[in-house]
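1. Predicted coordinates and the sequence they were generated for:
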Amino acid sequence: MRQNLAARIGVWSAHHRKTAVIGWLLFVVLAAALGGASGLVEMSDSENGAGDSAKAEKILDDAGIDDPAGELVMVSSPAAGGWRTAADDLTKAVRGTGETGPIAPPLASEDGKDALIRFEMKGDSKTAPDRVQPVLDAVRDTGDAHRDVRIYQFGQASSGKWLNDLLADDFRRAEFTAVPLALGILLVAFGAVVAALLPVGLALTACMAAFGLLSLASHQLHLFQTTYSVMFLMGLAVGVDYCLFYLRRERDERAAGRDAETALRIAAATSGRAVLVSGVTVMVAMAGMFLSGLMIFKGFALATIMVVFIAMLGSVTVLPALLAWLGDRIDAGRVPFLNRRKKKGTRESGALAGALLGPVLARPKLFAVASAAVLVALAAPALGMKTESLGMEKQFGSEASLTVAYRHITEAFPGGPAPARVVVKADDIESEGVRKALAEFGGTGAGGAASVTVHAARNVAEIEVPLPGNGSDERSKAALSELRDKRLPAAFAGTGAEVHVTGDLAGSVDFNDQLKRGIVPVFAFITAVTFLLMLFCFRSYVIALTSILLNLLSVVAAYGVMVAVFQHGWGADLLGTEKVGAIESWMPLFVLVVLFGLSMDYHVFVVSRIREARDRGLDTPSAIRQGIRRTAGAVTGAAAIMVAVFAVFGTLSMQDMQQMGVGLAVAVLLDATLVRMVLLPSVMTLLGERNWRTPKALRWLPELEHGDVEEDTQGIAGGAGPSPLGARHAAPVRTR
């Protein structure tokens, strides 16, 4: 009998165990070593931005202008002028580090109780966070010596170091928490140490190889600093899931009385094929992020495609080789009382799923309406979703040390930490018209004194314009709009100069605008491609359409929960987070793409098993019952691992990581329970034979087999048991 691609790969790997295993290890070691040697290249500000602000940053990059990393230190005292001694000592201590340029005299606040000390770090601004520690120590020591004042520091170097340390700590915490959680869940699922270690080991080696290859690729496509975290999250989740699906099927076949070789062939032909289909679907969905127009999403797309491909490759190659080598030793290290292996011939699993499925199949219309209503109710808050690039306080929490410093400095000296930066480029920056415009514009900004820096040799000028408000509120946004739409055009009209505005707020506004434009083509791409893949896989437009609709319900329900928790604050305290009033601007698009891809893991696995039973001659309700029951254990275990991994990210420090973790965890939980166990079987039951109908216009599509070996008919028609490997199927029943 002709075997499908997954079966051929699995058989080859089982017969060439050493080649498959050693080849995999060499690949992982080589990729990790080359990536470690090359290092990761992060994207520049111009590459990370969009619109007008990105153009401004590009002008500065092209001109080779690297503004030194600026630092602000505010000394606050209870009485006016009480800061003078501490400010003098702090200036001397900071100057003594040798890491700073000239230090400006302290600038007093209006009430005289606060003083702002401004200075710049020497050297390249990109490496300033690595060299700022002596300055931080000097500021801290001064504060310890002057208990009568409070000292707050904020700047490019200090915030960069704080953020780098935070990300490193969070990543270590995620890694050391997610991996033991996955191991524990697998131990419960399989009841054996070796069976639990195998998927985690393969997932981690896939992540190692992907890390290395991503570092190499970053020299061509520069990456955002959180891309590694996203890759690890996806790699661990899908890597473990793919192995779990494969391994669970092999063990089920062994429990049904198959010999080791036959069980492995069946697992390769069925679960292996489902892994290939779902892996390709995930990768194609992730490719949609290339259409967003933003480099951060292109990096996310590259990272997730790479790690999913490597995890998929390992699942269909090295896993069969290891299973063939281990044989029954896969059950070594059995844990007492956990998931004891079934006796031969007892094939059915998922008794609990079967009990829940009975009422669903008996009253499908009721359960379809009820489950859809629950998902719609969860999705309702998403109608009021507000997105923005979260500022300092919202991103790191109101009590974070950097947030506290930023807030106090902003209150005492509005616009200081995050001014708008106007970049002016002209053929002759010293021409009379441009000089006059700069002189007129460089007077007083809406939030305080504006400063002008002219780079005559490069024909570029910079103007720092303080903005009123806290740098992200409506006052700041209104001032930015006035600056862009009125003040700059009026000042530079007729000069021929190219004028653009950048800065934290400008970058956030431009990024958000680009995301709103980019989400439409991304959504159109992933829905169209998912439809075509499902159509090709199952030769049914009904299955393809229901796949998309069910995925969309999961996504909008996740949106609703994210808005309820993080925008409105419902239950935020229970999750250890805060109400921030908005969703991170890149989150809706990212969650849409990731969930569309990940939902196909379960969908392809479950529907393939249903179609497999249907092709053996069962009617649709019986096929649904058997397919759901026999995949219940694997889907439950896979979902538990994904939910656990994503939930770990929901406990990290940064708000965007929390939103991503909670959103994905909730969506996967809903998808694997309410959608796959209630909505999917009820909808398929209502559709009946229409699930498998192929229009005449589509009968040219190849007819893919959903099983490799005829299964035992025990419990179906009283058959005698399993057929030998390679026996011809009875003609499958298909409805056109």
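-> Looks like it arrived, so ask away.
2. And the closest residue to Leu589 other than its chain neighbours, how close does it get to Val666?
-> Excluding the flanking residues, the one nearest Leu589 by Cβ to Cβ, 6 or more residues apart in numbering is Ile519, at 5.0 Å. Glycine gets a C-beta too; all of them are placed from N, C-alpha and C. Per Cβ to Cβ, to the nearest Å, Ile519 is found 20 Å from Val666.
3. Of these two, which one has the most company?
-> Val666 (23 against 17; other Cβ atoms under 10 Å).
4. Pull the contacting residues for that one.
-> Ala557, Ala558, Val561, Met562 (Cβ atoms under 8 Å, 6 or more residues apart in numbering).
5. Mind giving me the packing neighbours of the host helix or strand of the last one?
-> If I follow you right, that is Met562. For Met562, the host element (DSSP states H and E) is helix 541-562. Secondary-structure packing of helix 541-562 (3 or more Cβ pairs under 8 Å, 6 or more residues apart in numbering; DSSP states H and E): helix 364-379, helix 504-538, helix 587-615, helix 655-670, helix 680-687.
6. the helices in the stretch 251-400 of the chain, which residues?
-> Assigned by DSSP state H, counting those that start in this stretch, the stretch 251-400 of the chain shows helices spanning 260-267, 273-287, 295-316, 318-326, 351-362, 364-379, 392-396.
7. wait, what's in contact with the residue lying closest to Met286 once chain neighbours are set aside?
-> Sequence neighbours aside, Thr304 is the residue nearest to Met286 in space, at 4.5 Å (criterion: Cβ to Cβ, 6+ apart). Counting by Cβ under 8 Å, 6+ apart, Thr304 touches Val230, Met231, Met234, Val282, Met283, Met286, Val594, Gly597.
8. now the strands for the stretch 351-500 of the chain?
-> 387-388, 420-425, 444-445, 448-449, 451-455, 460-465, 498-502 (DSSP state E, counting those that start in this stretch).
9. ditto for the stretch 101-250 of the chain
-> Going by DSSP E, counting those that start in this stretch, the stretch 101-250 of the chain shows strands at 107-108, 114-120, 150-155.
10. Quick one: mean pLDDT for the shortest one?
-> Think strand 107-108. For strand 107-108, mean pLDDT is 88.
11. Mind listing residues that contact it?
-> Asp114, Ala115, Leu116, Ile117, Arg118, Phe413.
12. repeat that for 10 Å
-> Outside strand 107-108, the residues that touch it by Cβ atoms under 10 Å, 6 or more residues apart in numbering are 72, 74, 80-81, 83-84, 87, 114-118, 412-413, 416, 449.
13. got the helices and strands packed on helix 541-562 as TSV, with mean pLDDT and distance to His408 columns?
-> Shown next, in TSV, are these (pLDDT from 0 to 100; distance: least, Cβ to Cβ, whole Å):
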stretch	mean pLDDT	distance to His408
helix 364-379	94	39
helix 504-538	85	17
helix 587-615	83	29
helix 655-670	89	20
helix 680-687	92	53
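14. With Gly327 as the reference, name the closest of the ones you listed.
-> helix 587-615 (24.9 Å; Cβ to Cβ).
15. what's the following helix or strand after the closest one?
-> Downstream of helix 587-615, the next assigned helix or strand under DSSP H and E is helix 620-649.
16. Could you pull out the buried residues of that following helix?
-> Neighbour-count burial for helix 620-649 flags 620, 623-649 (criterion: 16 or more other Cβ atoms under 10 Å).
17. Could you do stretch 610-620 as well?
-> So stretch 610-620, judged by 16+ other Cβ under 10 Å, has buried residues Ile610, Arg611, Glu612, Ala613, Arg614, Asp615, Arg616, Gly617, Leu618, Thr620.
18. Need the pLDDT of the closest residue to Met392 other than its chain neighbours.
-> Of all residues not flanking Met392 in the chain, Tyr406 sits nearest, at 4.7 Å (Cβ to Cβ, 6+ apart). pLDDT recorded at Tyr406 is 82.
19. where's Thr177 relative to Val565, distance?
-> 21 Å.
20. now Gln153
-> Gln153 is 32 Å from Val565, by Cβ to Cβ.
21. can you pull the buried residues of stretch 134-141?
-> Buried residues in stretch 134-141, counted by 16+ other Cβ under 10 Å: Val135, Leu136, Ala138, Val139.
22. List the contacts of that stretch.
-> Stretch 134-141 is contacted by residues 71, 73, 75, 89-100, 117, 119, 121, 128, 151-153, 155, 157-158, 161-162 when judged by Cβ under 10 Å, 6+ apart.
23. In PyMOL, how would I select just the buried ones from those residues?
-> One line in PyMOL is enough to select the buried members of the contacts of stretch 134-141, burial here meaning 16+ other Cβ under 10 Å:
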select buried, resi 71+73+75+89+90+91+93+94+95+97+99+100+117+119+121+128+151+152+153+155+157+158+161+162
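24. Give the other helices and strands that the one helix or strand Asp61 maps to contacts.
-> Per DSSP H and E, Asp61 falls inside helix 51-62. Applying 3 or more Cβ pairs under 10 Å, 6 or more residues apart in numbering; DSSP states H and E, we find helix 51-62 packed against helix 45-48, strand 420-425, strand 460-465, strand 498-502, helix 504-538.
25. Mind doing that once more with 6 Å?
-> Counting contacts by 3 or more Cβ pairs under 6 Å, 6 or more residues apart in numbering; DSSP states H and E, helix 51-62 packs against helix 45-48, strand 420-425, strand 498-502, helix 504-538.
26. now the ones you listed as JSON lines including distance to Thr387?
-> Listed next are the helices and strands packed on helix 51-62 as JSON lines, based on distance: least, Cβ to Cβ, whole Å:
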{"stretch": "helix 45-48", "distance to Thr387": "17"}
{"stretch": "strand 420-425", "distance to Thr387": "21"}
{"stretch": "strand 498-502", "distance to Thr387": "20"}
{"stretch": "helix 504-538", "distance to Thr387": "6"}
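27. Understood, closing this out.
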